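>>> With the sequence up front, the predicted model follows.
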Amino acid sequence: VERQSVGRLPDKIELLQDGRKWKKTCTTVWRGHARTQFADCKGSVKRSKEHCPFKVQFGVTNTTQFEKKHDGKQVCKGCGSEGQFVPCSACRYLHYRKNVTVYHVGEHTCPVTPIQKKNDIKTVEQLVRNNPNIKSSEIQWTGE
């Protein structure tokens, strides 16, 4: 089932942080829409092994907790087994003018990943005031 959704974003950074993994954006020609770019979804990985610690703990197939090894394989953080690639046919078009209009076309087969936001400067300043001996490597993102 094909689906299309359209949204306008005043901030270009927001369109890069939508919780999806996109391939590199490419310029395309679209009649009536100058400065248009498109990107295909990268797809996702899943691991449905019955005795995987992730599945035992959460009761669902692992589609989120994977790490990429040096050889390019994506392995489950729970059991260490290689995941199965699930292609996704969804794509997005970005039309630039005063605002950015985003067109999403197709259905995603992949899960949305949480967006990791950095601490704002006031939070970091307060953290350093409270802990003057803290190292920069000890300051982590809040995940909010």
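That came through fine.
>>> And residue 67, how far from residue 45?
10 Å (Cβ to Cβ, to the nearest Å). (Glycine included, C-beta is placed from N, CA and C.)
>>> Give me the more crowded residue out of these two.
Between residue 67 and residue 45, counted using other Cβ atoms under 10 Å, residue 45 has the larger neighbour count: 21 against 11.
>>> Please report the distance of the more buried one from residue 114.
16 Å.
>>> Residue 102 versus residue 38, what's the distance?
11 Å.
>>> re the thing from before, tell me, what's touching residue 67 and residue 45 both at once?
residue 74 (Cβ atoms under 8 Å, 6 or more residues apart in numbering).
>>> Quick one: neighbours of the closest residue to residue 64 other than its chain neighbours, just the number.
Closest residue to residue 64 apart from its sequence neighbours, by Cβ to Cβ, 6 or more residues apart in numbering: residue 111 at 6.0 Å. Neighbourhood size, residue 111 [other Cβ under 10 Å]: 13.
>>> Need the pLDDT of residue 111.
Among the per-residue scores, residue 111 holds a pLDDT of 82.
>>> Need the contact partners of the longest strand along the chain.
Using DSSP state E, we find that the single longest strand of the chain is strand 33-40. By Cβ under 8 Å, 6+ apart, the residues outside strand 33-40 that reach it are 22-30, 90-97.
>>> Could I get the buried residue list for that strand?
Across strand 33-40, burial judged by 16 or more other Cβ atoms under 10 Å covers 36, 37, 38, 39, 40.
>>> now, which of those residues sits nearest residue 76?
Among those, residue 40 lies closest to residue 76 (Cβ to Cβ), at 24.6 Å.
>>> separation between the closest one and residue 95?
Taking Cβ to Cβ, one finds residue 40 at 17 Å from residue 95.
>>> ok so, going back, ok, now which ones touch the residue nearest to residue 64?
By Cβ under 8 Å, 6+ apart, the neighbours of residue 111 are 44, 63, 64.
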